[in-house]
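Participant: Generate coordinates for the sequence data below:
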Amino acid sequence: MPAIATALVQKLNSPERVFNRWQGPWTTCVAWLGLILAAINPPRGTGVTICWFKQCTGIDCLGCGLTRSLSCGLHGMFAESFSYHPFGLFILALFLFTVLLSVWPAARQRVAACMEARPMFFNGLYLAFVVSFIGFGTVRGLIELSQHLLLSLH
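Facilitator: Predicted coordinates for the structure are as follows:
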């Protein structure tokens, strides 16, 4: 097995930070803020773009549409949620789970024990999520960029 693959397997099988990756203080803060934003924003957005990347380039960033997706998901509008951002429903479920654990310490300890007992699975799932999120956003951005370039040529 190549050295890089061996190092990756060792990293994925390391239980030290697995729970903190999924349920650490920053994740908990982001989950609370994300749910509050989703709850106070209308499902179809406000009509004002707050994404500085999109304002500067005209191209969606990796997370463009997530707030609208979360808001639609909270309102039971699942098809629209998916259309705004395919990762929105998964992130909404993760945020709801994180918020629930933040107010239920006994469950938090059980979940931590479960995750630390299966580090390869949960670290692998985390890596797969991050890679697929970045991959989706990159492909979407490249498609938009190519459309902008084609339109500018005509």
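Participant: Could you pull up the residues touching the residue nearest the centre of the chain?
Facilitator: Of all residues in the chain, the one closest to the mean position by CA atoms, centre = their mean is Ile91, 5.0 Å from it. Counting by CB atoms under 8 Å, 6 or more residues apart in numbering, Ile91 touches 34, 66, 69-70. Quick note: C-beta positions are derived from backbone N, CA and C, even for glycine.
Participant: let's go with 7 Å and repeat that
Facilitator: Contact partners of Ile91, counting by CB atoms under 7 Å, 6 or more residues apart in numbering, are 66, 70.
Participant: what's the distance between it and Val111?
Facilitator: 18 Å (CB to CB, to the nearest Å).
Participant: now do Cys72
Facilitator: Cys72 is 27 Å from Val111, by CB to CB.
Participant: what about the one helix or strand Cys56 maps to, average pLDDT?
Facilitator: Element membership of Cys56, judged by DSSP states H and E, is helix 52-57. The average pLDDT for helix 52-57 rounds to 87.
Participant: Give me the residues contacting that helix.
Facilitator: 49, 60-61, 64.
Participant: Would you mind identifying the next helix or strand past that helix?
Facilitator: Using DSSP H and E, the helix or strand that follows helix 52-57 in sequence is helix 66-74.
Participant: Quick check: Arg108 touching Leu101?
Facilitator: Yes: counting by CB atoms under 7 Å, Arg108 touches Leu101, with 4.5 Å between them.
Participant: Nearest residue to Trp32 in space, please, no chain neighbours.
Facilitator: In this structure, Trp32 finds its nearest non-sequential neighbour in Val99, 6.0 Å apart by CB to CB, 6 or more residues apart in numbering.
Participant: typo on my end, it should be Cys61
Facilitator: Closest residue to Cys61 apart from its sequence neighbours, by CB to CB, 6+ apart: Phe53 at 4.0 Å.
Participant: and the gap between Leu100 and Ala107?
Facilitator: Distance of Leu100 to Ala107, computed by CB to CB: 7 Å.
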